[in-house]
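**Q** Coordinates only, no sequence provided:
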């Protein structure tokens with residue numbers, strides 16, 4: 001069974017599970033009800049994350065014996081999916097959910113021996129070796145990535161679409177490095193994610209089958225992004241420079257950093273939810289949800305392409321890092337305190 005046949009199977013299984021689980025979701029309360037910060041109208045099933053995880057594992061089942069190097073990844077995904085389902089049902093506290101994220105990251109570092117060893121040549125003085133800082137930094141970065149993707153799950157198609165774009169780059173890197181195991185997992189997961197996006201992206205053909213991924217999806221996908229960001233940059237053979245991953249995950253990291261800085265400056269809990277993420281700001285500027293998603297996906301695709309092409313062209317890592325920092329500072333300056341920008345729009349339309 002080829003990668004693409006398994007990917008197609010994952011797509012079909014995920015789509016069928018989403019349709020089949022619609023009634024059970026309402027019956028057992030696995031739905032996202034409107035109210036407060038949530039303005040999506042009717043109650044929407046939170047079965048996308050469960051469906052894509054089950055679709056992925058089912059399609060990959062025949063290949064599991066050949067994926068022993070990724071056993072910890074699959075175990076951690078299953079653990080995060082379980083806690084995500086409980087959280088979507090309202091059975092888990094934020095502290096417990098954070099604890100499981102840390103457990104998954106520790107499994108990755110301590111069981112799989114999978115952690116950041118170096119950050120590359122960011123300042124023109126050779127590779128930055130992390131030594132004893134490698135494991136704690138990996139745990140921190142993993143939890144940050146998971147929550148960064150979860151924070152962007154606020155408009156149809158955004159979080160799933162961003163992860164889809166990121167995983168396409170990862171699959172390309174795995175193909176370039178000849179990493180068959182990673183390539184298989186990524187291609188099959190892309191199929192499952194595509195089956196979910198069929199019911200999550202804002203398009204007129206999804207009908208009444210609108211579905212959210214819930215925390216189940218954001219936890220699982222965030223961990224996968226963290227895992228392959230490390231695997232593809234810290235390998236002993238062909239490896240991608242770590243700075244390229246900053247470009248590939250650009251919008252996720254930019255939004256996470258900007259929102260965290262804003263909350264700290266306002267003396268608020270950095271983990272407290274609000275409606276001040278990049279997609280909220282663009283919606284308040286008057287963009288439709290579909291245009292907001294299209295703009296942010298295109299921006300992340302462009303950033304990933306810039307980082308990848310520049311690396312392939314031989315641009316030094318130092319320049320790539322300096323350019324990324326400059327782009328990040330520009331993003332921070334534009335969106336850190338955007339109230340004046342939004343008021344001008346309202347005044348002009350009035």
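**A** Yes, it's here. Source: prediction; values computed, not measured.
**Q** three-state assignment of residue 8?
**A** For residue 8, the assignment made with DSSP: H, G, I helix; E, B strand; the rest coil gives helix.
**Q** Now do the contacts for the nearest residue to it once chain neighbours are set aside.
**A** With sequence-adjacent residues excluded and distances taken as C-beta to C-beta, 6 or more residues apart in numbering, residue 8 is closest to residue 191, at 6.1 Å. Bear in mind the C-beta positions are built from the backbone N, C-alpha and C, glycine included. The contact partners of residue 191, by C-beta atoms under 8 Å, 6 or more residues apart in numbering, come to 6-11, 14, 55-56, 59.
**Q** as a whole number, average confidence for the longest helix along the chain?
**A** Taking DSSP state H as the criterion, the chain has its longest helix at helix 289-312. Averaging pLDDT along helix 289-312 gives 96.
**Q** What is the helix or strand just after it packed up against?
**A** Scanning forward in sequence from helix 289-312 by DSSP states H and E, the next helix or strand is helix 317-335. Judged by 3 or more C-beta pairs under 8 Å, 6 or more residues apart in numbering; DSSP states H and E, the packing partners of helix 317-335 are helix 242-248, helix 250-265, helix 289-312.
**Q** in the longest one, what's buried?
**A** With burial defined by 16 or more other C-beta atoms under 10 Å, the residues of helix 289-312 counted as buried are 289, 292-294, 296-297, 299-301, 303-304, 306-308, 310-311.
**Q** go on, the second one?
**A** Residues of helix 250-265 classed as buried: 250-260, 262-263 (neighbour count, 16+ other C-beta under 10 Å).
**Q** Quick one: list the elements packing against it.
**A** Under the contact criterion of 3+ C-beta pairs under 8 Å, 6+ apart, helix 250-265 touches helix 134-151, helix 158-177, helix 278-284, helix 289-312, helix 317-335.
**Q** Please work out which residues outside the fourth one touch it.
**A** By C-beta under 8 Å, 6+ apart, the surrounding residues in contact with helix 289-312 are 155-158, 161-162, 165-166, 169, 172, 201-203, 240-241, 243-244, 246-248, 250-252, 278-279, 282-283, 287, 317, 319-320, 323-324, 327.
**Q** Put the buried members of those into a ChimeraX selection.
**A** Buried residues among these (16+ other C-beta under 10 Å), as a ChimeraX selection:
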select :155,156,157,158,161,162,165,166,169,172,201,202,240,241,243,244,246,247,248,250,251,252,278,279,282,283,287,317,320,323,324,327
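**Q** how many neighbours does residue 274 have?
**A** Neighbour count for residue 274, taken as other C-beta atoms under 10 Å: 14.
**Q** thinking again about what came up before, reformat the helices and strands packed on helix 317-335 as a markdown table; add distance to residue 92.
**A** A markdown table is the format used below for the helices and strands packed on helix 317-335 (distance: least, C-beta to C-beta, whole Å):
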| stretch | distance to residue 92 |
| --- | --- |
| helix 242-248 | 30 |
| helix 250-265 | 22 |
| helix 289-312 | 28 |
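**Q** Nearest to residue 122, out of those helices?
**A** helix 242-248 (6.4 Å; C-beta to C-beta).
**Q** what's the closest one in contact with?
**A** Looking at what lies outside helix 242-248 - C-beta under 8 Å, 6+ apart - the contacts are 116, 118-120, 122, 166, 169-170, 229, 232-234, 253, 303-304, 306-308, 311, 317, 320-321, 324.
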